[in-house]
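Q: structure for this input, please:
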Amino acid sequence: MFASLSRAARRRVLAASAALLALCGVLVWWLAPFGAPAPSGTVTFSTGVPTGVYQRYGELLKQALATDLPEVSIRLKDSEGSQQNLARVATGEADFTVATADAVAQYQRERRPGFERLRGCARLYDDYVQLVVRKGSEIREPQDLRGLRVGVGQDGSGVRLIADRVLAAAGLTPTRDVEPVSAGIDTMPGLLQRGDLDAFFWSGGLPTHAVQGLSERFPIRLIPLDAALVDRLHQAGDATRHYRSAVIPADAYTKAQDGQQVETLAVANLLVTTVEADRDLVEGFTRTVIRSRDRIGGQVHPAQLVDLRTAVYTEPLKLHEGARRYYRSVKP
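A: Alright, predicted model coming up:
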């Protein structure tokens with residue numbers, strides 16, 4: 001029958017058939033469940049102490065993820081800080097966390113359980129080391145801490161790691177030359193104000209709410225940590241190369257700094273997971289971290305510093321394949 005049609009008629013039939021096949025293809029694509037299913041399930045995010053930046057960042061990121069990954073339930077879990085966070089993720093107790101690059105390097109150097117499983121998703125913002133004393137204190141440099149009561153962070157925190165290293169670089173043995181007080185940023189400001197501490201170390205984004213609050217109700221100042229001390233830190237080994245000289249801007253803590261910037265050292269924070277984490281989930285997590293920067297940064301100032309151009313550099317961790325896929329998708 002087709003052969004009996006005129007050439008023009010055959011062309012019209014073929015064109016109509018092609019159009020029908022194309023329409024069927026569109027309908028099948030629209031209706032069929034092609035592609036991988038959206039990430040789902042419950043994941044645990046290990047954060048930090050209740051009043052710290054990690055905890056607040058985690059709370060706001062959880063809100064953003066609820067919109068971007070609606071089938072994923074995020075459970076936040078308080079922690080003592082970077083060292084405990086890494087142990088939790090490396091051993092499967094948590095799925096994601098934030099930790100400082102120096103703590104990661106130390107975890108790897110010591111070959112602690114699960115160290116080879118750790119992977120990076122994003123470089124976030126820098127932590128700045130803050131050595132806080134009462135305004136009228138005679139302490140002018142870290143060496144002056146000899147024999148004094150010093151808040152050094154909790155045992156599983158990145159603060160404890162940095163405090164011990166700064167004290168050692170200043171020529172002090174942390175367990176002998178000072179009276180170390182194991183406490184977090186949720187309690188150290190109150191201890192200093194009551195006279196139960198002579199000084200405390202903190203490492204966090206600027207400004208840290210707990211330090212800012214203390215400066216507004218009690219006279220404090222920050223002790224400079226100069227470039228010479230950073231050089232001595234670098235001489236301690238490979239794990240300390242992630243520290244860099246930095247300054248705390250004059251307006252970070254207006255009442256504590258009297259219009260002066262303060263020399264210190266800084267270290268990058270990393271978003272961390274494991275090599276086994278689902279690629280789609282990691283890609284979605286990374287995407288939300290980058291896209292929510294301004295929204296979260298409005299409440300947690302350090303988050304404003306998350307930068308797509310540098311987020312891919314997660315040294316000393318290898319980049320997770322899911323995160324790599326996201327960065328490739330937005331590459332100019």
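Q: flag the shaky bits of the stretch 201-332 of the chain, pLDDT-wise.
A: 332 (pLDDT under 70).
Q: and the strands in it, which stretches?
A: 220-222, 244-248, 262-274 (DSSP state E, counting those that start in this stretch).
Q: adjacent strands (with direction) for the first one?
A: What it means is strand 220-222. Strand 220-222 pairs in its sheet with strand 118-134 (antiparallel), by DSSP bridges.
Q: of all the strands of the stretch 201-332 of the chain, which lies closest to residue 110?
A: strand 262-274 (16.2 Å; Cβ to Cβ). C-beta: built from backbone N, CA, C; applies to glycine.
Q: before we move on, back to that, the strands of the stretch 201-332 of the chain: which one's closest to residue 173?
A: Using Cβ to Cβ, the strands of the stretch 201-332 of the chain put strand 262-274 closest to residue 173, at 20.1 Å.
Q: what lines up beside the closest one in the sheet?
A: By DSSP bridges, strand 262-274 pairs with strand 96-100 (antiparallel), strand 118-134 (antiparallel), strand 244-248 (antiparallel).
Q: quick check: buried residues in the longest one?
A: For strand 118-134, burial by neighbour count (16 or more other Cβ atoms under 10 Å) applies to 118-134.
Q: go on, the last one?
A: Of the residues in strand 244-248, 246, 248 count as buried by neighbour count, 16+ other Cβ under 10 Å.
Q: contacts for it, please.
A: Contact partners of strand 244-248, identified using Cβ atoms under 8 Å, 6 or more residues apart in numbering, comprise 126, 128, 130, 206, 222, 227, 230, 257, 261-267.
Q: do the same with the first one
A: Contacting residues not belonging to strand 96-100 are listed as 43-48, 54, 57-58, 79, 82-83, 85-86, 88-89, 121, 124, 127, 158, 161-162, 203, 242, 267-273, 277, 285 [Cβ under 8 Å, 6+ apart].
Q: now the residue nearest to residue 75 when sequence neighbours are not counted: which helix or strand?
A: Excluding its sequence neighbours, the residue lying closest to residue 75 (Cβ to Cβ, 6 or more residues apart in numbering) is residue 44, at 4.8 Å. Applying DSSP states H and E as the criterion places residue 44 in strand 41-46.
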